[in-house]
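Novice: the sequence and its predicted three-dimensional model are supplied below.
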Amino acid sequence: MSSFIIALIIVALVLLLILYGVHIGVSLLATSVLGVWWMTADFSVACNLLSTGPFYVTFDYTLSVIPLFVLMGLFANLSGASTDLYRAGFAWFGRLPGGLGIVTTVANAVFAAVTGVSIASAAVFSKIAIPQMMRYGYSIRFSSGCVAGTSALGMLIPPSLILIVYGFLANESIGHLFIAAILPGIVLTINYSLMIILLAYFKPSILGNPLIPEKMSLMDRLTALRKASSIIFLVVLVLGGMYAGLFTPTEAGAVGCVGSVAVMIVKRLFNFKDLFRTLMDAGYTTASVFLLVIGAMMFGRMLAMSGLISDLSSFVAQADVMPILIVASICVILVLLGAFLDMVSILVISMPILLPVINQLGFDPIWFGIVVTLSIETGLVTPPFGMSVFVVKGSLGEKASLEDIYIGSLPFLLVLVVTVVLLLLFPSLATWLPMHM
């Protein structure tokens, strides 16, 4: 049997194991070893791959950015920064048409600049934003859909866990990816806000029966802004220092961790019990991501050995189809995968196959990374298994049905699709900043 056919069988076997509930990292590792053994008919070669591959993958210095940014986000959440941020947004934007929806959007955008994880944003703002929105007359559908939809900003606005993993898999600069995500993140935030304002003017029934919050004095608004200064301090410290060239993304993660702890100490919220629990949570998250990355790299080596990747790249390059349509097809596939799998898993499964194709077509891998991130994020609010929707449902319990959350998130899903199309039509949205910095 040819190596090409063996590789196809192994890919099908991976999907089958995942459907049966086997951990994706374990599935990738096991099938990689099996594939190499099958192709070489030498079990020692497969064992050598298993013994040396994980070491060389995790030995990369750039991967240390993952636990650092995860830890920074957890520390920032412990400090109460998310609550302070929402209150400040409420004070300044709450009286606009659809104001609390815009507050949730802006708060998610700023919170994303600290956490880098969409699921975290969905969980946090389910507890903070939805009760406040319902108190002021917003429907449960719109409130829950707004939190689920705008949580997509968590994985786009840097620092982003998805962009870190993509940068490692694609061998691209994480700093360049972070810079490239700034304009698309701003565009998505503006698109969400415009959509909410348009609904408030032309279809107010979708929002429910929103009440205008009481007017706050300038002093009250400045006080709310001052209380949110801690998270603004972290954003400026980490992103400002990184873009100014003061430190690398990895060093920025370390600086952010120290800054988050400093905020907790200043607010007198630091205690060793929370510290231990947070370190354990960060360790669990990091171990899970590292297992997936190791599995992805070994899976990629197996595919490269089989010749499947080179054959697929040659086939796509010779196909009589517009290259941008191929990328659009990839986006559709990623959206569908995003409705079933978590974000990092989609990356580690698909990128070893897709990246050589993109390089063969001559597309900028930095731009493609932003397109991939937005496409996967779109899948997080896509029926039937959108992860963000399930997180919001888990936080709300019986207060909202899955149907309500899905219906409420439909306008936000449409905005995500429009933003992906804008990126396909205008690649400079992602490439302009990296070229000029």
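Specialist: Happy to help now that I have it.
Novice: from residue 244, how far out is the residue nearest the centre of the chain?
Specialist: The central residue of the chain, meaning the one whose C-alpha is nearest the mean C-alpha position (Cα atoms, centre = their mean), is residue 155 at 2.4 Å. Using Cβ to Cβ, to the nearest Å, residue 155 is found at 24 Å from residue 244. Yep, even glycine has a C-beta here, placed from its N, CA and C like the rest.
Novice: likewise residue 112?
Specialist: Using Cβ to Cβ, residue 112 is found at 20 Å from residue 244.
Novice: of these two, who's got more company?
Specialist: Neighbour comparison, residue 112 and residue 244: the larger count goes to residue 112, with 29 against 8 (by other Cβ atoms under 10 Å).
Novice: counting contacts, what elements does the strand or helix carrying that one pack onto?
Specialist: Taking DSSP states H and E as the definition, residue 112 sits inside helix 99-115. Secondary-structure packing of helix 99-115 (3 or more Cβ pairs under 8 Å, 6 or more residues apart in numbering; DSSP states H and E): helix 65-78, helix 81-93, helix 118-135, helix 140-150, helix 174-202, helix 229-235.
Novice: as CSV, those with mean neighbour count would be great.
Specialist: Conversion of the helices and strands packed on helix 99-115 to CSV gives the following (neighbours: other Cβ atoms under 10 Å):
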stretch, mean neighbour count
helix 65-78, 24
helix 81-93, 23
helix 118-135, 22
helix 140-150, 29
helix 174-202, 20
helix 229-235, 20
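Novice: what about these, which gets the closest to residue 283?
Specialist: Distances from residue 283 to each of the helices and strands packed on helix 99-115 were compared by Cβ to Cβ, and the smallest falls on helix 65-78, at 7.5 Å.
Novice: distance between that closest one and the chain's centre?
Specialist: How far helix 65-78 lies from its chain's middle: 14 Å, per Cα atoms, centre = their mean, to the nearest Å.
Novice: so where's the stretch 251-400 of the chain uncertain?
Specialist: Within the stretch 251-400 of the chain, the stretches with pLDDT under 70 are 308-320, 339-342, 384-385, 395.
Novice: could you say what helices and strands the helix or strand containing residue 430 packs with?
Specialist: Taking DSSP H and E as the definition, residue 430 sits inside helix 428-435. Using 3+ Cβ pairs under 8 Å, 6+ apart as the contact definition, the elements that helix 428-435 packs against are helix 174-202, helix 365-379, helix 402-425.
Novice: and the longest one, how far out from the chain middle?
Specialist: Here helix 174-202 is found 14 Å from its chain centre; the criterion is Cα atoms, centre = their mean.
Novice: what's the average pLDDT for that helix?
Specialist: When pLDDT is averaged along helix 174-202, the result is 88.
Novice: what is the burial count for residue 425?
Specialist: 9.
Novice: an error on my part: the question was meant for residue 374.
Specialist: Residue crowding around residue 374 was assessed by other Cβ under 10 Å; the count is 28.
Novice: so residue 157: helix, strand or coil?
Specialist: Under the three-state scheme (DSSP: H, G, I helix; E, B strand; the rest coil), residue 157 adopts coil.
Novice: where does it fall, phi/psi-wise?
Specialist: Recorded main-chain torsions at residue 157 are phi -70, psi 130, according to degrees, to the nearest 10.
Novice: go ahead and confirm it touches residue 181.
Specialist: Yes: judged on Cβ atoms under 8 Å, residue 157 makes contact with residue 181 at a distance of 6.4 Å.
Novice: name the single longest helix found in this structure.
Specialist: Using DSSP state H, we find that the single longest helix of the chain is helix 272-306.
Novice: so for it, what gets flagged as buried?
Specialist: 278, 282, 285-286, 288-303, 305-306 (16 or more other Cβ atoms under 10 Å).
Novice: do stretch 160-174 as well
Specialist: Residues of stretch 160-174 classed as buried: 160-170, 172-174 (neighbour count, 16+ other Cβ under 10 Å).
Novice: what separates it from the chain centre, distance-wise?
Specialist: Mean C-alpha position of stretch 160-174 versus that of the full chain (Cα atoms, centre = their mean) differs by 12 Å.
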